[in-house]
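In: Based on what follows, work out the 3D shape:
(chains A, B, C and D)
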Number of protein chains: 2
Amino acid sequence: MTVNNRKKYHHGDLRNALLEAGLGIIETDGVSGLSLRALAAKVGVSHTAPKNHFGSMKGLMTAIGAEGFRRFAAEMRAGLSTASSRMDKLRAAAEGYVRFAQAHPELFRIMFSPEYCDFKSEDVQSAAQDSYSVLVDISKGLDWDKADTPDAQWRTEIMLWSLVHGYATLLNSGQIDDDASGMPVPSIWEVFPEYSYRGEN
Amino acid sequence: MTVNNRKKYHHGDLRNALLEAGLGIIETDGVSGLSLRALAAKVGVSHTAPKNHFGSMKGLMTAIGAEGFRRFAAEMRAGLSTASSRMDKLRAAAEGYVRFAQAHPELFRIMFSPEYCDFKSEDVQSAAQDSYSVLVDISKGLDWDKADTPDAQWRTEIMLWSLVHGYATLLNSGQIDDDASGMPVPSIWEVFPEYSYRGEN
DNA sequence: AGACAAATCTTTCCAATGGAAATATTTTAG
DNA sequence: CTAAAATATTTCCATTGGAAAGATTTGTCT
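Out: So this is what the prediction gives:
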């Protein structure tokens, strides 16, 4: 069945087109620029069309957030393959995390704001879980607390995540800036405590 | 001049009354429940009254955010006086940070969201600076990287802040939860790397 | 005291928004 | 080929932030 891309009466792929257009609006105008009507206008449909596809504004935001998490995971994994040592992988993932947050601050904000992105959504949950699994892999074997128990592993994951996420969030909200004496903002890597992997230092 | 608290024609203290009512609405109904009209109704004035006092919705949010930072600083300082050792002070401040975030999640969100709270405001800036100074004091002398330079100090501040802020943010956004095997969420203290103060371990 | 200016607050109006409800159009199924 | 399901539109509504102009109170200056 050939796809007729000329003035389809039912468009054929409205949902994806809306998603794409929504992501575009967010990049250019931010979250505040995204309305059902602006989105519909950009795609050339009525303002209730997106509502049909996503149920509500929150539904749209949730779908966008899920797509955000997929791209987020990809960004973190980007440098992972070329990294040789585990420390390099840790560095690559952490830098990917921050890089994505800085490159797409509005999308990142949606992803981590429950009032926008509904975390109970299957779509979001699986995509977010996949993102998180990157951190889990990376933190496995980190000897932060010299222990090798599930308990210690769990705490290490959360510490790692908190550290990177807090850094990215504070950067994006404009809270971190050069200090009074002109000291430059340290990179995420400089902010890390001294880590090493068990048996690899 | 005695204060006539009965049906003032010009109310006398509308700005503070609006602030108080606004904080109340945020506690009970969250940010989404706060509108100029709902706020005005609660105080018994027209919906343009708050606009006169705060310029705009964002102006109102900014004023609320500033008040939030003042209460935030107080919360962090609360346990500081009774703490004897510096480690206890560190613990008290960090726990105060997280406790405030969890007790007032919506207010906390406003404080750290530039789209709500305008950080260029003098009011916000001084209050936020005062909050930050708690962390600065606490992190002074922490031997994380064994150095005693302004540079290392600056990095330590940001690490400490990122860690605590990320943890609080992830908690509030519902991202951190008991893990698959039922492992409980570690406290902020358990998430901390092994810290000590120079010459005090 | 009186008058003019400044502030405070209200009334009225408007455009934009998310959403509900009903209808029209196209596709699919039997 | 027809009924049912899906997709999309039109129309309507309540709510919201804000602009503009007017009313009321307070302050100041002579």
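In: pLDDT at the one residue in chain A that gets nearest to chain B, what is it?
Out: For chain A, the residue closest to chain B is residue A:166, as judged by CB to the nearest CB, at 2.5 Å. Yep, even glycine has a C-beta here, placed from its N, CA and C like the rest. Each residue has a pLDDT score; the one for residue A:166 is 98.
In: With residue A:197 instead?
Out: Here, the pLDDT recorded for residue A:197 equals 86.
In: Look up phi and psi at it.
Out: Dihedral angles of residue A:197 (phi, psi; degrees, to the nearest 10) stand at phi -100, psi 140.
In: Tell me how many other residues crowd it.
Out: 17 (other CB atoms under 10 Å in any protein chain shown).
In: other SSEs contacting the helix or strand where residue A:155 lies?
Out: With elements taken from DSSP states H and E, the one containing residue A:155 is helix A:150-172. Contacts defined by 3 or more CB pairs under 8 Å, 6 or more residues apart in numbering or on different chains; DSSP states H and E place helix A:150-172 against helix A:86-103, helix A:105-111, helix A:122-139, helix A:188-191, helix B:150-172, helix B:188-191.
In: Scan the helices and strands of chain A for the one with the lowest mean pLDDT.
Out: helix A:188-191 (a mean of 94; mean pLDDT, DSSP states H and E).
In: residues of it that come out buried?
Out: For helix A:188-191, a neighbour-count test (16 or more other CB atoms under 10 Å in any protein chain shown) marks A:188, A:191 as buried.
In: So which residues make contact with that helix?
Out: Here helix A:188-191 makes contact (CB atoms under 8 Å, 6 or more residues apart in numbering or on different chains) with A:91, A:94-95, A:97-98, A:163-164, A:167-168, B:155, B:158-159, B:162.
In: any idea how chain A splits into domains?
Out: A:13-55, A:66-191 (automatic domain parsing).
In: Any idea how far stretch A:36-56 is from the middle of the chain?
Out: Centroid separation for stretch A:36-56 versus its chain: 24 Å, with CA atoms, centre = their mean, to the nearest Å.
In: Apologies, that question was intended for stretch A:131-142.
Out: With CA atoms, centre = their mean, you get 16 Å for stretch A:131-142.
In: Likewise for stretch A:26-38?
Out: Using CA atoms, centre = their mean, the offset of stretch A:26-38 from its chain centre is 18 Å.
In: That one spans what distance, first to last residue?
Out: Separation of the first and last residues of stretch A:26-38 by CA to CA, to the nearest Å is 11 Å.
In: Poorly predicted segments of chain A, please.
Out: Counting by pLDDT under 70, the ranges of chain A that qualify are A:1-12, A:201.
In: same thing but 50
Out: For chain A, residues meeting the criterion pLDDT under 50 lie at A:1-8.
In: What residues does chain A have near chain B?
Out: Contacts of chain A with chain B, taken as CB under 8 Å from any CB of the partner chain, map to A:30-32, A:112-115, A:119, A:128, A:144-145, A:150-151, A:154-155, A:158-159, A:161-167, A:169-170, A:173-176, A:179, A:181, A:183, A:185-186, A:190-194.
In: Give me the buried subset of these.
Out: A:31, A:112, A:114, A:119, A:128, A:144-145, A:154-155, A:158-159, A:161-167, A:169-170, A:173, A:175-176, A:179, A:185-186, A:191-193.
In: a strand runs through residue A:70, doesn't it?
Out: No. With DSSP: H, G, I helix; E, B strand; the rest coil as the criterion, residue A:70 is located in helix rather than a strand.
In: and the nearest residue to residue A:15 once chain neighbours are set aside, how many residues sit next to it?
Out: Using CB to CB, 6 or more residues apart in numbering or on different chains and skipping residues adjacent in sequence, the residue nearest residue A:15 is residue A:53, 4.9 Å away. By other CB under 10 Å, 17 other residues sit near residue A:53.
In: Quick check: residue A:102 touching residue A:169?
Out: No. Contact criterion CB atoms under 8 Å: residue A:102 and residue A:169 do not qualify, at 10.9 Å.
In: hmm, back to that, so how far is residue B:75 from the residue of chain A closest to chain B?
Out: Note on residue A:166: its distance to residue B:75, by CB to CB, to the nearest Å, is 18 Å.
In: for residue A:89, same thing?
Out: Counting by CB to CB - residue A:89 and residue B:75 are separated by 38 Å.
In: what's residue A:159 in contact with, if anything?
Out: Applying CB under 8 Å, 6+ apart to residue A:159 gives the contacts A:144, B:163, B:191-193.
In: for residue A:109, same thing?
Out: By CB under 8 Å, 6+ apart, residue A:109 lies in contact with A:31, A:116, A:172.
In: can you check residue A:69 too?
Out: Neighbour list for residue A:69: A:111, A:124, A:127-128, A:130-131 [criterion: CB under 8 Å, 6+ apart].
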